[in-house]
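J.: Sharing a model prediction with you, sequence too.
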Amino acid sequence: MSVPGLQLSELPIGQPFSNFTAQDSTPAEPLAEKTYEIAKLREWRFEVAFGATVEVKLLKGSAEIFGTELPIGHKFTFTGTKSAIFTWHGCTLEVRGSPSVEYTSEETPMTAYTNLHFALEKQRGMASESPTMQGPRVMIIGPENAGKTSLVKILTAYAVRQGQKPAVVNLDPKEGVLSLPGTLSATSFSTIMDVEEGFGSSPTSGPSPVPVKLPLVYYYGLETPEGNTKLYRALVSRMAVAVSSRLSEDDQSTPPPSPPSTNEVNTRTPQDRSSGIIIDTPGTISQTPTGYDLLHHAISEFSVTTLVVLGSERLYSDMLRRFEDRPNHQHHPPISIIKLSKSGGCVDRDDAFLRASRERSIREYFFGEPKKRTLSPYTMTVGFDDLNIWRVGEASTLNASLLPIGHDDDEEGGGGGGGQALLAQAECSMLLQHSVAAVLHAEVGDGVHILAESSVMGASVDEQKRYMKILAPMPGRLPPKPLVVSSFPEPTFSLVG
Ligand SMILES: Nc1ncnc2c1ncn2[C@@H]1O[C@H](COP(=O)(O)OP(=O)(O)OP(=O)(O)O)[C@@H](O)[C@H]1O
């Protein structure tokens with residue numbers, strides 16, 4: 001199995017990384033057991049802290065987590081999560097362990113969400129019968145913690161349950177979809193999601209209980225789109241071209257720039273065209289004037305046909321004003337704007353929770369999940385002179401006057417970034433210690449329009465001897481490709497013993 005972009009399939013030259021064991025060695029305490037009868041159209045909401053576990057088994061009836069059905073009798077283990085189990089017809093759950101919060105709610109927006117799904121299905125049906133029509137291109141917008149990602153999961157899971165193959169596009173760098181935080185991605189979904197993980201991260205090697213999905217990933221390296229609007233715009237445009245080309249009817253059309261060969265997003269079938277795309281967006285993007293511009297840009301680039309506004313009257317009326325009377329145009333199809341309420345179950349996640357989630361996704365990317373899938377990353381030592389490292393430009397840390405001569409940011413493309421650099425060449429130094437670096441799908445000597453597809457982790461840097469130790473998800477030689485680093489996700493120390 002190969003890691004997208006890394007091409008680490010040659011003979012191992014590194015050593016297995018042994019400072020960490022994925023297995024939890026603390027002795028298991030017996031977990032308190034309780035049975036819940038959940039009436040139809042209700043949901044059982046629960047939160048589990050990091051470090052605690054709760055096991056849930058569906059004993060009778062039917063139930064789903066964000067649209068994905070639970071099989072009867074299978075034990076699911078949750079840790080560090082805030083989630084809900086919904087039932088259309090009633091169910092009995094066996095729960096072992098003590099959630100930090102748990103209650104049953106009879107008020108859920110699931111009927112409205114399902115109606116939206118059926119409206120999209122109708123459009124998919126029409127698209128599948130017409131050789132020229134494309135499926136719906138849905139974008140979900142709303143404030144932070146409005147339940148956007150949860151709705152994307154529900155719409156994706158329902159589409160997959162109906163045999164569709166939607167492309168899920170994540171434009172929110174705060175949380176990765178099947179990749180690390182700090183990335184934007186597009187993934188073709190034709191099989192079920194892992195309900196314990198949500199979108200989780202894509203396993204780089206080893207067995208997986210659900211079919212592995214390989215996303216197309218771009219490295220952004222900052223928490224919000226406002227961090228480097230120029231880079232964000234460039235990546236959104238590039239992603240839109242790649243996804244649109246997959247949805248395009250003409251299989252002979254020009255391929256997208258720098259397409260990675262291993263990505264499902266790049267293999268086209270007529271069903272891809274009719275299934276359409278579902279786009280998740282960051283909460284901050286719909287709260288500031290800069291954000292509105294970025295939103296507008298993303299809506300145009302993806303030729304969005306359905307804009308779902310979640311949990312904000314104001315945003316809904318702003319969007320109506322902006323897009324309702326837009327003249328019909330070949331490149332700007334009419335947009336239906338739909339307002340949906342936020343689920344009462346949506347919870348705010350504090351910084352500590354989000355940070356712990358990020359650390360977990362990085363750990364799982366390299367080491368797998370405890371008791372489920374153990375991966376064996378490799379360490380290797382690389383000389384400074386063998387590395388070609390770039391750093392994402394950040395408004396606060398990178399002054400354009402410090403850029404190497406010839407790195408005029410406007411020359412590098414992107415436009416509209418207010419004098420901000422996309423990337424700047426960086427020196428190897430202690431500052432890279434414990435950071436995630438993405439191996440770019442580009443060649444040394446290329447310009448700064450670069451596709452980031454997979455990551456390696458710097459674990460140890462020796463400035464005197466001018467080498468660094470790298471933790472890579474797979475054995476093999478580090479490809480002679482440029483690497484890019486940035487400040488998000490923050491350096492992770494928990495992996496190093
Ligand atoms: N019905 C529900 N019951 C319990 N928890 C829920 C429910 N819906 C969403 N959540 C939880 O609330 C949190 C916020 O939801 P979600 O991530 O979908 O919001 P978001 O709008 O995508 O957030 P952000 O803007 O930060 O990306 C998540 O932890 C999610 O699992």
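T.: The structure has been received and is ready for your questions. Numbers count the residues shown, from 1 in each chain.

J.: and the residue in the chain positioned nearest to the ligand, what does it touch?
T.: Using C-beta to the nearest ligand atom, G345 is the residue of the chain that sits closest to the ligand, at 2.3 Å. (Each C-beta comes from the backbone N, C-alpha and C, glycine too.) Under the criterion of C-beta atoms under 8 Å, 6 or more residues apart in numbering, the contact list for G345 reads 43, 45, 84, 105, 108, 147.

J.: ok, now with 6 Å
T.: Shown in contact with G345 (C-beta atoms under 6 Å, 6 or more residues apart in numbering): 45, 84.

J.: Tell me the secondary structure at it.
T.: Judged by DSSP: H, G, I helix; E, B strand; the rest coil, the three-state class of G345 is coil.

J.: Please export the C-alpha coordinates of whichever strand or helix holds R358 as CSV.
T.: Following DSSP states H and E, the helix or strand that holds R358 is helix 351-367. Extracted C-alpha coordinates of helix 351-367, given in CSV (Å, rounded to 0.1, in the frame of the first residue of the first chain):
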residue,chain,number,x,y,z
ASP,A,351,-9.3,24.9,23.0
ALA,A,352,-8.1,22.0,25.1
PHE,A,353,-10.5,19.6,23.5
LEU,A,354,-9.6,20.7,20.0
ARG,A,355,-5.9,20.5,20.8
ALA,A,356,-6.3,17.0,22.2
SER,A,357,-8.2,16.1,19.0
ARG,A,358,-5.4,17.4,16.8
GLU,A,359,-2.8,15.5,18.8
ARG,A,360,-4.9,12.3,18.5
SER,A,361,-5.3,12.6,14.8
ILE,A,362,-1.5,13.1,14.3
ARG,A,363,-0.8,10.2,16.6
GLU,A,364,-3.3,8.0,14.8
TYR,A,365,-1.9,9.0,11.4
PHE,A,366,1.5,7.6,12.4
PHE,A,367,0.7,4.9,14.9
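
J.: Packing partners of that helix?
T.: Identification of packing neighbours for helix 351-367 by 3 or more C-beta pairs under 6 Å, 6 or more residues apart in numbering; DSSP states H and E yields no helix or strand.

J.: which of the residues in it are buried?
T.: By 16 or more other C-beta atoms under 10 Å, the buried positions in helix 351-367 come out as 353, 355-367.

J.: For the residues you listed, give me JSON lines that also has distance to V241.
T.: Putting the buried residues of helix 351-367 into JSON lines (distance: C-beta to C-beta, whole Å) gives the following:
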{"residue": "F353", "distance to V241": "35"}
{"residue": "R355", "distance to V241": "33"}
{"residue": "A356", "distance to V241": "35"}
{"residue": "S357", "distance to V241": "30"}
{"residue": "R358", "distance to V241": "29"}
{"residue": "E359", "distance to V241": "33"}
{"residue": "R360", "distance to V241": "32"}
{"residue": "S361", "distance to V241": "27"}
{"residue": "I362", "distance to V241": "29"}
{"residue": "R363", "distance to V241": "33"}
{"residue": "E364", "distance to V241": "30"}
{"residue": "Y365", "distance to V241": "27"}
{"residue": "F366", "distance to V241": "31"}
{"residue": "F367", "distance to V241": "34"}
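
J.: Over to L93: give its phi and psi.
T.: Per-residue torsions, L93: phi -110, psi 140 (degrees, to the nearest 10).

J.: With the one 10 residues further on instead?
T.: Summarising the backbone geometry of Y103 under the convention degrees, to the nearest 10, its torsions are phi -160, psi 160.

J.: Which strand residues bridge it?
T.: Here Y103 shows beta-bridge partners R45, assigned using DSSP bridges.

J.: That one: neighbouring residues, count only.
T.: 10 (other C-beta atoms under 10 Å).

J.: Checking M380 next. Helix, strand or coil?
T.: With three-state DSSP as the criterion, M380 was assigned strand.

J.: measure it to N388 for me?
T.: When C-beta to C-beta, to the nearest Å is applied, the distance between M380 and N388 equals 16 Å.

J.: lowest average confidence, helix or strand, in the chain?
T.: When each helix and strand of the chain is scored by mean pLDDT, DSSP states H and E, strand 452-462 comes last, with a mean of 40.

J.: just checking, V160 is part of a strand?
T.: No - residue assignment for V160, taken from three-state DSSP, gives helix, which places it outside any strand.

J.: give the contact list for the closest residue to it other than its chain neighbours.
T.: If the residues on either side of it in the chain are set aside, V160 comes closest to F189, at 5.5 Å by C-beta to C-beta, 6 or more residues apart in numbering. For F189, the contacting residues are 156, 160, 166, 168, by C-beta under 6 Å, 6+ apart.

J.: Reformat these as TSV; add distance to the ligand and secondary structure.
T.: As requested, the contacts of F189 are arranged in TSV below (distance: C-beta to the nearest ligand atom, whole Å; DSSP: H, G, I helix; E, B strand; the rest coil):
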residue	distance to the ligand	secondary structure
T156	12	helix
V160	18	helix
P166	17	coil
V168	13	strand
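
J.: Between which two of these is the distance greatest?
T.: By the measure C-beta to C-beta, V160 and V168 form the most distant pair in the contacts of F189, at 10.0 Å.

J.: These two: who's more crowded?
T.: More neighbours sit around V168 than around the other of V160 and V168, counting by other C-beta under 10 Å; the figures are 26 against 19.

J.: Mind pulling the model confidence for that one?
T.: The predicted local distance difference test score for V168 is 94.

J.: you'd agree it is up against D280?
T.: No - no contact is recorded between V168 and D280 when judged using C-beta atoms under 6 Å, the distance being 7.3 Å.

J.: which residues sit against stretch 158-176?
T.: Applying C-beta under 6 Å, 6+ apart, the contact partners of stretch 158-176 are 67, 117, 156, 177, 181-190, 220, 223, 243, 271-272, 275-282.

J.: Strands - which of these land there?
T.: Among the contacts of stretch 158-176, the members falling in strands are 183-188, 277-280 (criterion: DSSP state E).

J.: filter the residues you listed to the buried ones?
T.: Using 16+ other C-beta under 10 Å, the buried ones in the ones in strands among the contacts of stretch 158-176 are 183-188, 277-280.

J.: can I get these in JSON lines with distance to the ligand and pLDDT?
T.: Formatted as JSON lines, these follow (distance: C-beta to the nearest ligand atom, whole Å; pLDDT from 0 to 100):
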{"residue": "T183", "distance to the ligand": "14", "pLDDT": "88"}
{"residue": "L184", "distance to the ligand": "13", "pLDDT": "90"}
{"residue": "S185", "distance to the ligand": "14", "pLDDT": "88"}
{"residue": "A186", "distance to the ligand": "17", "pLDDT": "89"}
{"residue": "T187", "distance to the ligand": "16", "pLDDT": "87"}
{"residue": "S188", "distance to the ligand": "21", "pLDDT": "87"}
{"residue": "I277", "distance to the ligand": "17", "pLDDT": "95"}
{"residue": "I278", "distance to the ligand": "13", "pLDDT": "97"}
{"residue": "I279", "distance to the ligand": "12", "pLDDT": "97"}
{"residue": "D280", "distance to the ligand": "7", "pLDDT": "97"}
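
J.: got the contact list for Q271?
T.: Taking C-beta under 6 Å, 6+ apart as the definition, contacts of Q271 comprise K165.

J.: before we move on, what about S312?
T.: The contact partners of S312, by C-beta under 6 Å, 6+ apart, come to 142-143.

J.: What score does it have for pLDDT?
T.: With respect to pLDDT, S312 has a value of 93.
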